[in-house]
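Undergrad: With the sequence up front, the predicted model follows.
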Amino acid sequence: MAIRLAYFSPLKPVQSGISDYSADLLPYLAEQFDTSLVTDYYQPALTGQLARLPIMNPEEFWRRRRDFFPCYQMGNSVYHQYMLACMKANPGLLTLHDVNLRGLFNFLAAARTIPEGWHIPGSNLEPELNSPCVNLALGVVVHSSYAVNLLRKKYPGLYLQKINMGVAPPPPDIDQQLARQQLGISSTEFAIGSFGHIIPKKRIHIFLEAFAAFSSSYPKARYYLVGKSADHYPLEIIRRLGLDNRVVITGYTDTELFNKYLHAMDVCVNLRYPEDGETSATMIRAFAAAKPVLYTPCGAGAELPAGIALPIPANSSEIRLITTTLIRLCLEPLLSKLIGEKARRYYNANHLPERTAADYIRMITTLSGGSGTGFGGNGSVGDSAGRGLGTAKQSNKSEFMHGGNGSENRSGSAGNSGNVQRPWNRIL
């Protein structure tokens, strides 16, 4: 009997990198498992075989939870809050896209929507907040050795696996020249791009300072911010530096337009500090497109092999190093091409989505016991005393929006590090 998988994730049209990640991963999981999608009360905009997958909201999953093994794609944004009540009722496989979920829980605290019965440790007790979710997981997936090491020290018995982030390869029918023609970018322009949400941790303000110095000597350079800007960031900086005519902010782009901009670039920029233990999907997409990338060598970025990208440490020499690196890449196009080719080989060896899916399939099959239902075939997770945890009271929508604490919950709050009976202690 095929495993019935309940897949929790933001999905398009939600403007999230994890939406794109799931769109790349789901076709392979759907081939292997009887897959249903659980969304936050909206109809996802999916195409192809994904458009045929059944859709559930959290209430519907709650009623049918005994039939499924859940997979939770968890990130540090409000788009993931709907998963929390289901996660507490039905532990499953947790993918931590961000090791630190403080942003999500700070938002919930400010909105007074932290799930009932949950204890959220303060930053003095848990600087990298993840225990509310990790303590409710049968197993955890992360995308870097850096994240593995952080979690292994914190949870010695955790059923944990590093699975390389898989992203779909770029469309084969587009190249730089065609992309530039379609976007109206001159063939003589030196185009530099940052991709994804435009937020301060991506150090756009630092790069703009360096770009101002660089473009004063190279007037054909232009900087593209391909993504949605956070409030007024970095418009005031652009105006202060006199870069209004040399910086383009596109706003949110769909996948097709994103790929056109990516292919049109000469150089991509992927600085980020401080980081939350994440792996950058946009950087991997740039590797797949054979683009030289400037990146910050910290966290997961510190694991990249030499020669496939250009490290820019976040220190007092950052602006100067960015400027000199841009000058070199502009003057030596063959160097850019060589680095881009190495980056593409690295992508092909490590980040194809089918390989990522194969690792997921093995882990889901192991954790679910290979049965058609979620937990060993009877829809129940026993606690350490052998009591069944799979029978829940009926709930209403408000419990899914605000957490609920039905009778199926384990004793102890999700965030407690004391006597919580962690499910992964029972399967090792």
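TA: That came through fine.
Undergrad: looking at this, residue 86 is in a helix?
TA: Yes. Counting by DSSP: H, G, I helix; E, B strand; the rest coil, one finds residue 86 located in a helix.
Undergrad: Read off the pLDDT value for it.
TA: We have a pLDDT of 94 for residue 86.
Undergrad: tell me which residues in stretch 225-241 are buried?
TA: 225, 226, 227, 229, 234, 237, 238, 241 (16 or more other C-beta atoms under 10 Å). All C-beta atoms are positioned from the backbone trio N, CA, C, and that covers glycine.
Undergrad: Over to stretch 91-109?
TA: In stretch 91-109, counting by 16+ other C-beta under 10 Å, buried: 91-102, 104-105, 108.
Undergrad: Equivalent analysis for stretch 58-78, please.
TA: For stretch 58-78, by 16+ other C-beta under 10 Å, it's 58-59, 61-62, 65-66, 68-77.
Undergrad: Could you give the number of residues near residue 46?
TA: Residues lying near residue 46 (other C-beta atoms under 10 Å) number 18.
Undergrad: is it true that it touches residue 11?
TA: Yes. Contact criterion C-beta atoms under 8 Å: residue 46 and residue 11 qualify, at 6.7 Å.
Undergrad: list residues touching both of these two?
TA: Shared contacts of residue 46 and residue 11, defined by C-beta atoms under 8 Å, 6 or more residues apart in numbering, are found at residue 23.
Undergrad: What segments of the protein are strands?
TA: 4-8, 34-38, 55-56, 69-74, 93-96, 139-142, 160-162, 190-195, 221-226, 247-249, 267-270, 293-295, 310-311 (DSSP state E).
Undergrad: Tabulate the ones you listed (JSON lines), appending distance to residue 153 and mean pLDDT.
TA: Listed next are the strands of the chain as JSON lines, based on distance: least, C-beta to C-beta, whole Å; pLDDT from 0 to 100:
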{"stretch": "strand 4-8", "distance to residue 153": "27", "mean pLDDT": "98"}
{"stretch": "strand 34-38", "distance to residue 153": "32", "mean pLDDT": "98"}
{"stretch": "strand 55-56", "distance to residue 153": "36", "mean pLDDT": "98"}
{"stretch": "strand 69-74", "distance to residue 153": "20", "mean pLDDT": "98"}
{"stretch": "strand 93-96", "distance to residue 153": "15", "mean pLDDT": "98"}
{"stretch": "strand 139-142", "distance to residue 153": "13", "mean pLDDT": "98"}
{"stretch": "strand 160-162", "distance to residue 153": "11", "mean pLDDT": "97"}
{"stretch": "strand 190-195", "distance to residue 153": "32", "mean pLDDT": "98"}
{"stretch": "strand 221-226", "distance to residue 153": "36", "mean pLDDT": "98"}
{"stretch": "strand 247-249", "distance to residue 153": "40", "mean pLDDT": "97"}
{"stretch": "strand 267-270", "distance to residue 153": "27", "mean pLDDT": "98"}
{"stretch": "strand 293-295", "distance to residue 153": "25", "mean pLDDT": "98"}
{"stretch": "strand 310-311", "distance to residue 153": "25", "mean pLDDT": "98"}
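Undergrad: So for residue 184, which of those strands sits nearest?
TA: strand 247-249 (10.6 Å; C-beta to C-beta).
Undergrad: what comes up buried for that closest one?
TA: Buried, per 16+ other C-beta under 10 Å, within strand 247-249: 247, 249.
Undergrad: picking that back up, between the buried residues of stretch 225-241, which has the least confident prediction?
TA: residue 229 (88).
Undergrad: Quick check: bridge partners of that residue?
TA: residue 198 (DSSP bridges).
Undergrad: Which of the buried residues of stretch 225-241 sits closest to residue 54?
TA: Nearest to residue 54 among those, with distances taken as C-beta to C-beta, is residue 227, at 31.5 Å.
Undergrad: Cross-check the contact I'm expecting between that closest one and residue 195.
TA: Yes. At 6.0 Å, residue 227 and residue 195 qualify as touching, with contact defined as C-beta under 8 Å.
Undergrad: how close does residue 254 get to residue 293?
TA: Between residue 254 and residue 293 the distance is 22 Å, computed by C-beta to C-beta, to the nearest Å.
Undergrad: These two: who's more crowded?
TA: Of the pair residue 254 and residue 293, residue 293 is the one with more neighbours under other C-beta under 10 Å, namely 27 against 11.
Undergrad: residue contacts, that one?
TA: Residue 293 makes contacts with 267, 268, 269, 270, 283, 286, 287, 309, 310, 343, as judged by C-beta under 8 Å, 6+ apart.
Undergrad: Make CSV from these and add neighbour count to it.
TA: Formatted as CSV, those follow (neighbours: other C-beta atoms under 10 Å):
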residue, neighbour count
267, 23
268, 29
269, 28
270, 26
283, 27
286, 28
287, 27
309, 25
310, 23
343, 25
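Undergrad: Tell me the one among these nearest to residue 358.
TA: residue 287 (20.0 Å).
Undergrad: quick one, domains of the chain?
TA: 4-166+353-423, 176-350 (automatic domain parsing).
Undergrad: The ones you listed: lowest mean pLDDT?
TA: Across the domains of the chain, domain 4-166+353-423 gives the lowest mean pLDDT, at a mean of 82.
Undergrad: Distance from that domain to the middle of the chain?
TA: Chain-centre distance of domain 4-166+353-423: 14 Å, with C-alpha atoms, centre = their mean, to the nearest Å.
Undergrad: ditto for stretch 350-358
TA: The answer for stretch 350-358 is 15 Å, by C-alpha atoms, centre = their mean.
Undergrad: Buried residues of it, list them for me.
TA: 351, 352, 353, 356, 357.
Undergrad: Give me the pLDDT value at the second one.
TA: Looking at residue 352, its pLDDT stands at 98.
Undergrad: So what's the residue count around the nearest residue to residue 233 once chain neighbours are set aside?
TA: Spatial nearest neighbour of residue 233, chain neighbours left out: residue 200 (6.2 Å); criterion: C-beta to C-beta, 6 or more residues apart in numbering. Residue neighbour count, defined by other C-beta under 10 Å, stands at 13 for residue 200.
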